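1. got a sequence here, can you build the structure:
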Amino acid sequence: MSGGRITRVPVGVVLGMALGLAELLFLLAAAPACLVPALRPVAARGLARLTALERARLSRFLGLDTSRESGGYAFLAARAALGLLGGYACTSTLFLALLFVGGGTWALLWGRAEPIPLELPGVNLVTSSDVVGLSSGALLLVVSALLVLGMAALERRVAVHFLGPDGGELMRRRIAELTASRSGIVRAVDDERRRIERDLHDGVQQRGVALAMLLGRARHSRDQEQVHELVDQAYTESRRLLDELRSVAWRVYPTALDELGLRAALAGVAERTPVPVTVHDGLSGRPVSEVETALYFVVREAITNAVKHAGAHDILVVLSEDERTVSVAISDDGRGGADPSGGGLSGLARRVLALDGTFGVDSPPGGPTRVTATLPKAPPCG
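-> Down below sits the predicted model:
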């Protein structure tokens, strides 16, 4: 827990106690007011104002943003009970803690500590009042802190229950997420198609043209020695063309991923990378196909960026899993400054998000860079 949050949470709980008293007084006044039609709008305005104060307190001090503007009188009733009862427990415990600490400190520094015998079965001890006071006070301070944290947790649960999104809101959010994911996948596919087209145009097509020109010159040449030389050059160029085709096919989708799995495919990436790449595979088995494919492309793109743009000299890939998710982290010692909104990384983010995963890039200027992706072992069907 950060220092700012350590301060904010107790303040938020204390404000909740004060609001609980205000809410109780409001409910006592609103109950008869709601029986009078002319006073119902006044009660509704008071309800809205108190709920707005609660939402602001939850957001500012407890880090909880709520979607519904009103939880009705039931929310204020639950909040008033929680604020007053929880506040009584917290303040009483804190008061006793300060009383014990103060008494123990006084006895230790200025007063006279009285001996206190402790007789338990098989144990016969004699302690002093200052020790009992200080130790009891310290224990109660810990209990007070735990009560405050417990209050904060209960505050969040009550707020989520009354002010959180309902079923319709959750459905609308899910539809929006799926729509954004679908659009992202379409953009990623278009970007990949354009990249393949560039690879074919700049690499394969150029070598094909060069091969055709060599064969054309050999066909029209009358000098046998020149013909042999041109055929040799054409043979060399054809080998380069085949290598280029294999490279393009590998960049599109490596057959090793389907045939041998992620470990073998990443080993192929490491072999083709001009800098050392270390792969730590902590997976117990092969992930499902779509997850395996997403992990592969995340690793490949991160390694490509590290070599091409960051000038990395060493790259580490770590695969891990838990009961529900599979994760990969790619770290390099390059100069950093990677832009998450760039074409390659944003495409990876869309691919991962489409599978209900999370994607992150931490790349401060000067490095190092760390790219992470976490995917569910059982991704959504659609």
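
2. tell me, how many residues neighbour residue 219?
-> Using other C-beta atoms under 10 Å, residue 219 is surrounded by 9 other residues. Yep, even glycine has a C-beta here, placed from its N, CA and C like the rest.

3. again but with residue 147, I slipped
-> The number of residues near residue 147, taken as other C-beta under 10 Å, comes to 19.

4. and it, what does it touch?
-> 86, 89, 90, 93 (C-beta atoms under 8 Å, 6 or more residues apart in numbering).

5. keep only those of the residues you listed that are in helices.
-> Residues from these lying in helices, with DSSP state H as the criterion: 86, 89, 90, 93.

6. what's the closest of those to residue 285?
-> Proximity of these to residue 285 (C-beta to C-beta) peaks at residue 86, which lies at 47.1 Å.

7. the chain - how does it break down into domains?
-> Following automatic domain parsing, one gets these domains for the chain: 3-164, 169-252, 255-376.

8. ranking these by burial, who's on top?
-> Compared across those, domain 255-376 shows the largest average neighbour count, a mean of 18 (mean count of other C-beta atoms under 10 Å).

9. starting at the chain centroid, how far to that domain?
-> For domain 255-376, the separation from the chain centroid amounts to 16 Å (computed by C-alpha atoms, centre = their mean, to the nearest Å).

10. and it, how far apart are its ends?
-> 24 Å (C-alpha to C-alpha, to the nearest Å).

11. can you show me the helices along the stretch 101-250 of the chain?
-> 129-163, 167-199, 206-220, 224-252 (DSSP state H, counting those that start in this stretch).

12. worst mean pLDDT among the ones you listed?
-> Mean pLDDT is lowest for helix 167-199 among the helices of the stretch 101-250 of the chain, at a mean of 66.

13. and stretch 86-98, how far out from the chain middle?
-> So, by C-alpha atoms, centre = their mean, the centroid of stretch 86-98 is 36 Å from its chain's centroid.

14. any chance you could list what contacts that stretch?
-> Residues outside stretch 86-98 that contact it (C-beta under 8 Å, 6+ apart) are 13-14, 16-17, 20, 137-141, 143-144, 147-148, 150-151, 154.

15. can you do 7 Å?
-> Residues outside stretch 86-98 that contact it (C-beta atoms under 7 Å, 6 or more residues apart in numbering) are 13, 17, 20, 137, 140, 141, 143, 144, 147, 148, 151, 154.

16. between those, which is nearest residue 163?
-> Nearest member of these to residue 163, counting by C-beta to C-beta, is residue 154, at 14.1 Å.

17. so the residue lying closest to the closest one once chain neighbours are set aside, which state does it fall into?
-> With C-beta to C-beta, 6 or more residues apart in numbering as the criterion, residue 154 has its nearest non-adjacent residue at 6.0 Å, and that residue is residue 82. Each residue gets one of three states, and residue 82 gets helix by DSSP: H, G, I helix; E, B strand; the rest coil.

18. fine by me, thanks again.
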